[in-house]
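Q: Just need the structure, nothing else, for what follows:
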Amino acid sequence: MNHKKRAVTLVTILSALFCSGIIVAGSLSSAATSGPTTNQFGDVGMWVAIGMMLIPYVICLVPYALGINSMKYVMAVCNVIGLMMALTTVAMVPIRMMTTSNMIAAGDIGLMVVAMGLMATNIIWFVVVFRREPHKVENYQV
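A: Got it, this is the predicted structure:
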């Protein structure tokens with residue numbers, strides 16, 4: 001596996017961990033008590049949600065690692081969805097904290113930190129995947 005493919009694989013795995021972290025952090029935040037269908041920490045629903053979040057990563061990453069380079073475009077679509085999810089989380093958690101109580105919960109702060117980590121990782125992913133290799137300049141004597 002070449003250097004670029006290894007870097008893409010590493011950043012994709014990191015993105016998958018942050019995406020799973022949003023589900024875990026969300027189950028620890030105050031949003032976990034907002035309704036009857038929300039995931040509670042350690043509940044079967046939380047683990048199913050994590051599995052459902054990881055399946056697209058595996059489906060895209062395995063063919064890419066095996067040499068199907070066009071899968072990076074499918075992964076790019078998934079990363080845009082992840083970016084939108086993280087942006088929504090970062091925007092909505094403060095609004096929810098302001099409207100529901102005067103207390104700032106540690107779980108809500110943790111959720112925002114994980115969402116910001118996902119945003120940073122997905123932006124780095126785009127840089128790693130779509131950056132161009134520098135051209136080698138040879139010294140020509142005139």
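Q: only C-alpha atoms for contact and neighbour calcs from this point on.
A: OK.
Q: what's the next secondary structure element after the longest helix along the chain?
A: Using DSSP state H to define each element, the chain has its longest helix at helix 71-100. Downstream of helix 71-100, the next assigned helix or strand under DSSP states H and E is helix 106-130.
Q: pLDDT averaged over that following helix - what is it?
A: Helix 106-130 shows an average pLDDT of 91 in the prediction.
Q: could you check the angle helix 71-100 makes with it?
A: Here helix 106-130 runs at an angle of 160 degrees relative to helix 71-100 (axes from the mean of the first three to the mean of the last three C-alpha atoms, to 10 degrees).
Q: Any regions of this protein where pLDDT drops low?
A: Where the chain drops to pLDDT under 70, the residues are 1, 31-38, 101-103, 135-142.
Q: try it again with 80
A: 1, 29-42, 96-107, 132-142 (pLDDT under 80).
Q: For stretch 116-136, buried residues please.
A: Buried residues in stretch 116-136, counting neighbours by 16 or more other C-alpha atoms under 10 Å, are found at 116-119, 121-122, 125-126, 129.
Q: So what touches it?
A: Stretch 116-136 is touched from outside by 4, 7-8, 11-12, 14-15, 18-19, 72, 76, 79-80, 82-83, 86-87, 90, with contacts defined as C-alpha atoms under 8 Å, 6 or more residues apart in numbering.
Q: Could I have the buried ones of these as ChimeraX selection syntax?
A: To isolate the buried ones among the contacts of stretch 116-136 in ChimeraX, judged by 16+ other C-alpha under 10 Å, type:
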select :8,11,12,14,15,18,19,72,76,79,82,83,86,87,90
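Q: what kind of secondary structure is Ile68 in?
A: Assigned state for Ile68: coil (three-state reduction, DSSP: H, G, I helix; E, B strand; the rest coil).
Q: For it, grab the count of nearby residues.
A: 12 (other C-alpha atoms under 10 Å).
Q: so how far is Met75 from it?
A: Distance from Ile68 to Met75, counting by C-alpha to C-alpha, to the nearest Å: 12 Å.
Q: same thing with Leu10?
A: Taking C-alpha to C-alpha, one finds Leu10 at 13 Å from Met75.
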